[in-house]
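Trainee: Have a look; sequence and predicted model below, questions after that.
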Amino acid sequence: MKTRKPVALLILLGLGLAMTACSTVQPWERGILAKPQMALDPTPLQSSIRMHNYSSREAAASINSSGGGGGCGCY
């Protein structure tokens, strides 16, 4: 029973290392990866504006809001 935990941990660690994808990108592939469609957020400005509108409509402060105010402790 005690030997199962280290063996399972080693198997999980091995699978975790095997699943990481480390590869080199060739120079001719960089142009494809630099396209706006390949970004995690293809429209960062639009997403920022939407998050601002959403957080301003909510009663509580959102995750993306920063603490502000004039020092009165309101935020």
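Mentor: The structure has been received and is ready for your questions.
Trainee: C-alpha from now on. contacts and neighbour counts both.
Mentor: Noted.
Trainee: This structure: helices as residue ranges?
Mentor: Along the chain, the stretches classed as helices by DSSP state H are 4-19, 27-33, 44-57.
Trainee: Point out where the chain drops to low pLDDT.
Mentor: In the predicted model, the chain carries pLDDT under 70 at residues 1-3, 21, 57-75.
Trainee: With mean neighbour count added, can I get the helices of the chain in a markdown table?
Mentor: Rendered in a markdown table, the data for the helices of the chain read as follows (neighbours: other Cα atoms under 10 Å):
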| stretch | mean neighbour count |
| --- | --- |
| helix 4-19 | 11 |
| helix 27-33 | 10 |
| helix 44-57 | 12 |
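Trainee: What is the burial count for the spatially closest residue to Pro36 that is not a sequence neighbour?
Mentor: Counting by Cα to Cα, 6 or more residues apart in numbering, Pro36 lies nearest to Pro42, which is 5.6 Å off, once chain neighbours are set aside. Other residues near Pro42 number 12, with proximity taken as other Cα atoms under 10 Å.
Trainee: isn't Pro42 right next to Ser48, touching?
Mentor: No: contact status for Pro42 versus Ser48: not in contact, 11.6 Å apart, counting by Cα atoms under 8 Å.
Trainee: what do those two both touch?
Mentor: When contacts are counted by Cα atoms under 8 Å, 6 or more residues apart in numbering, the set common to Pro42 and Ser48 is empty.
Trainee: Okay then, goodbye and thanks.
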